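*Asks:* how does the following fold in three dimensions:
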Amino acid sequence: MSILAVVWDVDDTLFDYSGADRAGMRLHLTAEGLLDGYESVEQAIVRWRRITDVQWARFSAGEVDFQGQRRDRVRAFLDAELSDAEADAWFQRYVAHYETVWALFPDVLPVLDALSGSHRHAVLSNSSIHVQDRKLRSLGVHDRFEAILCAAELGVSKPEAGAFHAACAALELAPEQVAYVGDHPEIDGRGAAEAGLRSFWIDRDGVYAADDAPIGLHRIASLAELPALLGADTRFGAPSTFG
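*Replies:* This is a model prediction of the structure:
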């Protein structure tokens, strides 16, 4: 069956979240005067990312709501008993720095342009619509997508099949008519595949060696590979570097 639509992850797929998070946190920690307790800026950033991963896992498991995981990230990072208002204020100061360095990956606009006439497009993210709607508008791509769905509002998150099926339902298409593109091999790649979508895992940094990548996932190194793989009527595209 032909693929009629592409559903996209946002962070670290379309949007360079990791790059913006590192650069934004570097600016924030400097402004807050919090670097004296660390050997380097990078050490502080690594700690922030580890805490973020832990708290995000709690949110994905339904143990805490979206705002709660943000507050707990701040409390854990500062190792301080903060009120909700204090934690929110600290996080908002971080966000102000983070947003100054937002950027799409260079391959995003060319592939969206190349697929615009052949495929429909939507977004499925494990974030919240408040965050991702604003982000996509700021990055100038919001109107490229028919639907924007997020875990915080859906009540189900990737890799649960229900999250992927919600995106298909929003497009009124069967899972086998939809491709999903995301950066995480399990949450995005395997989750989409097990839900019946054609799954593309983008591994820009070559995280896995060719012989130990997750089995059964279609791995790409650049979004430039997608038009050819989806059979789009376009000259844009590139052969997969992973074979």
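
*Asks:* and residue 201, which of the three is it?
*Replies:* Look at residue 201: counting by DSSP: H, G, I helix; E, B strand; the rest coil, its state is strand.

*Asks:* need the pLDDT of it.
*Replies:* Per-residue pLDDT puts residue 201 at 95.

*Asks:* with residue 61 instead?
*Replies:* For residue 61, the predicted pLDDT is 87.

*Asks:* from residue 126, how far out is it?
*Replies:* 11 Å (C-beta to C-beta, to the nearest Å). Glycine gets a C-beta too; all of them are placed from N, C-alpha and C.

*Asks:* same thing with residue 164?
*Replies:* 12 Å.

*Asks:* any residues in contact with both of these two?
*Replies:* Each of residue 158 lies in contact with both residue 164 and residue 126 under the rule C-beta atoms under 8 Å, 6 or more residues apart in numbering.

*Asks:* for the longest helix along the chain, packing partners?
*Replies:* Ranked by number of residues, the top helix in the chain under DSSP state H is helix 41-60. With contacts defined as 3 or more C-beta pairs under 8 Å, 6 or more residues apart in numbering; DSSP states H and E, helix 41-60 has these neighbours: helix 17-32, helix 66-78.

*Asks:* got those as TSV, with distance to residue 115 and mean pLDDT columns?
*Replies:* Formatted as TSV, the helices and strands packed on helix 41-60 follow (distance: least, C-beta to C-beta, whole Å; pLDDT from 0 to 100):
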stretch	distance to residue 115	mean pLDDT
helix 17-32	22	93
helix 66-78	30	96
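
*Asks:* ok, which of the ones you listed comes nearest residue 121?
*Replies:* Nearest to residue 121, of all the helices and strands packed on helix 41-60, is helix 17-32, at 19.1 Å by C-beta to C-beta.
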